[in-house]
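**Q** model this:
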Amino acid sequence: MLFRSALAYPIGWIIDRWGGFRVVVLMFLGQVACFILAMNVHDKMGLMILGVATTIIAPLYQGADMMIYKAAHPKDVGSYTSSNSAIRNAFRAMQALVSGWVIYWAGSDYRMGFIIGIVVSAAGMAMFIIHHQIMRRERAGTRESAAPESDAATVLNANP
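**A** Here you go, the predicted structure:
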């Protein structure tokens, strides 16, 4: 947790420079790399490398939060943050229960938990892509609809 806290500022800087969506894509690619590594870990050194890699990748999830918060109306950000925390914690508990049950059902094959994790991450990434596309269209629509109004206002003000 201390390492994640130390990474918070640099990752915030990266989010400001690259944008939340690019950071989410980077996080997902890191998750895929960690998944591949997890499926091939056979010794203590591999497990330590996997632990460090997942610790570095995890704070990049802040980019996902920023995508949502930037789309929210300023009055609603508090509601979004509390809802986000509640849903995230409930999801983690459910994921632990389901993964534990599937691992047990699969004959104690721990890899099933990693498979569930990457499938859920891929589904989440698809949702962020959809969100990103919707927000881009809305921003583009706002710019297109605002332009004629501003031109008309300029013309009206020019001829009093």
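
**Q** what's the nearest residue to the residue positioned nearest the centre of the chain if we skip its chain neighbours?
**A** By CA atoms, centre = their mean, the chain has its centre lying nearest to Ala64, at 3.0 Å. Excluding the flanking residues, the one nearest Ala64 by CB to CB, 6 or more residues apart in numbering is Val24, at 5.0 Å. For every residue, glycine as well, the C-beta is placed using N, CA and C.

**Q** surely the one you found is in contact with Met67?
**A** Yes. Counting by CB atoms under 8 Å, Val24 touches Met67, with 6.7 Å between them.

**Q** now the chain, which segments are flagged as low pLDDT?
**A** For the chain, residues meeting the criterion pLDDT under 70 lie at 1, 143-160.

**Q** quick one: Leu29 and Trp101, what's the gap?
**A** Separation of Leu29 from Trp101 (CB to CB, to the nearest Å): 29 Å.

**Q** before we move on, back to that, what about the residue nearest to the centre of the chain, which helix or strand?
**A** When elements are assigned from DSSP states H and E, Ala64 belongs to helix 62-71.

**Q** now do the buried residues in whichever helix or strand comes after that helix.
**A** Later in the chain than helix 62-71, the nearest helix or strand by DSSP H and E is helix 77-105. By 16 or more other CB atoms under 10 Å, the buried positions in helix 77-105 come out as Ser99, Ile103.

**Q** nearest residue to Pro59 in space, please, no chain neighbours.
**A** Among residues not flanking Pro59 along the chain, Leu7 sits closest, at 4.5 Å (CB to CB, 6+ apart).

**Q** do Ala72 as well
**A** Among residues not flanking Ala72 along the chain, Tyr80 sits closest, at 4.8 Å (CB to CB, 6+ apart).
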